[in-house]
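In: just the structure for this:
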Amino acid sequence: MVLYDAIFIIELFLKDWEDKNDCLLDKPRLRFGLELDLQLPENQLPYFILEKFYSLAKSERENYPDDFIGLPRKFYDSLSNEELSYQAEVKHFTDLRRNDLSQNLLEEYGPHLSGSPSAVKLNESGVKLKGIKGGCLLNIVREKRNFKIPIPYFSGVELKIPHMEIEDGTETVTRNVMAFEQCHYPSNPHICNYIKFMDDLIDTEKDIDLLIEKGILLNSLGDNATIVRMFNRFGLNITLSKSCYSGIVKDLNEHYNNGWNHARATLKRVYFSNPWKGTGTIAAIILYYLHPYKPFVPLSKFCGFSNC
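Out: Model prediction:
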């Protein structure tokens with residue numbers, strides 16, 4: 001049985017490599033089903049067996065790739081197009097998916113922290129969310145950013161999150177990788193940590209709207225409520241001991257719990273959303289206080305904040 005399965009998989013990948021007509025590959029629904037089934041943990045063949053059989057087939061054809069790993073990476077065109085930056089010891093296709101998603105991950109582990117504010121709450125506290133394309137999906141970066149108008153204490157935080165497309169197979173593939181990771185990589189749960197971080201960001205459909213607007217998510221399902229439920233269910237019954245996002249979560253919580261950041265964000269949004277409005281606001285404040293017949297009014301009341 002193992003022999004038949006191995007021959008089927010190698011033949012399927014070779015036909016895809018050569019772009020040959022095939023009754024399975026030419027029908028999108030059947031191909032999509034194969035892509036998902038071949039990543040189920042219960043359907044896996046040891047990678048070294050496939051590699052051994054491929055070496056026998058490779059000896060007869062010069063146009064085949066030197067390493068077997070090139071075939072599944074082409075077949076799963078949703079995998080990263082970048083070359084693996086290291087010689088990964090792949091166990092099977094589920095493990096290959098995990099390796100491909102987490103390659104070039106900037107690892108900086110600390111104790112697992114959860115409960116960071118949602119995307120909308122972070123945005124309201126002055127955290128700028130920005131989607132980035134390319135690179136490792138898991139590399140979430142927070143940076144200090146300066147305000148457009150050089151005003152003291154108006155620097156903020158920018159959270160850069162790689163772009164992710166949510167499509168029909170996203171939930172199935174993610175659950176497979178998470179289950180495999182919980183069993184075989186409990187001390188390095190890269191995917192589980194990423195999903196948990198995104199789960200904290202996503203509480204309501206408004207969070208999805210904001211993440212889509214910022215270029216972080218692309219909704220190919222058509223229903224934001226489905227994405228909310230999907231991410232909220234992802235975080236159930238998983239165990240995390242450490243995380244590469246612990247420092248980011250700590251900084252975000254400290255930023256959000258600082259009342260000045262909320263007041264500053266509102267002031268920037270209302271009076272300094274662009275250079276022209278900011279310049280006009282500063283000019284109005286100066287003129288107001290230079291006018292000889294105006295009583296003194298604290299700047300906090302002028303801005304509309306009781307604790308500014």
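
In: let's see stretch 242-256 as CSV, backbone CA atoms only.
Out: In CSV, the C-alpha atoms belonging to stretch 242-256 read as follows (Å, rounded to 0.1, in the frame of the first residue of the first chain):
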residue,chain,number,x,y,z
LYS,A,242,6.7,30.4,25.1
SER,A,243,6.3,32.8,22.3
CYS,A,244,8.3,35.0,19.9
TYR,A,245,5.7,37.7,20.3
SER,A,246,5.9,38.1,24.1
GLY,A,247,7.9,41.3,23.8
ILE,A,248,5.4,42.8,21.3
VAL,A,249,2.4,41.8,23.4
LYS,A,250,4.0,43.4,26.5
ASP,A,251,4.7,46.6,24.7
LEU,A,252,1.2,46.8,23.2
ASN,A,253,-0.5,46.3,26.5
GLU,A,254,1.7,49.0,28.2
HIS,A,255,0.9,51.3,25.3
TYR,A,256,-2.8,50.7,25.5
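
In: what ranges in the stretch 1-150 of the chain fall below the confidence cut-off?
Out: The model of the stretch 1-150 of the chain has pLDDT under 70 over residues 60-62, 78-88, 107-108, 145-150.

In: for it, what spans make up the helices?
Out: 2-18, 28-37, 47-58, 70-75, 93-102, 119-124 (DSSP state H, counting those that start in this stretch).

In: so who does residue 140 touch?
Out: Residue 140 is in contact with 159, 160, 161, 162, 194, 197, 245, 248, counting by CB atoms under 8 Å, 6 or more residues apart in numbering. All C-beta spots, glycine's among them, are computed from the backbone N, C-alpha and C.

In: my guess is the fourth one contacts residue 141, does it?
Out: No: in this structure, residue 162 is not within contact of residue 141 by CB atoms under 8 Å, at 9.2 Å.

In: the two: who's more crowded?
Out: residue 162 (17 against 14; other CB atoms under 10 Å).

In: tell me how many other residues surround the nearest residue to that one once chain neighbours are set aside.
Out: The shortest distance from residue 162 to any non-neighbouring residue, by CB to CB, 6 or more residues apart in numbering, is to residue 137 (5.0 Å). A count of nearby residues for residue 137, using other CB under 10 Å, gives 20.

In: residue 137 contacts residue 161, correct?
Out: No: with contacts counted by CB under 8 Å, residue 137 stays clear of residue 161, the gap being 9.3 Å.

In: residues contacting residue 63?
Out: residue 18.
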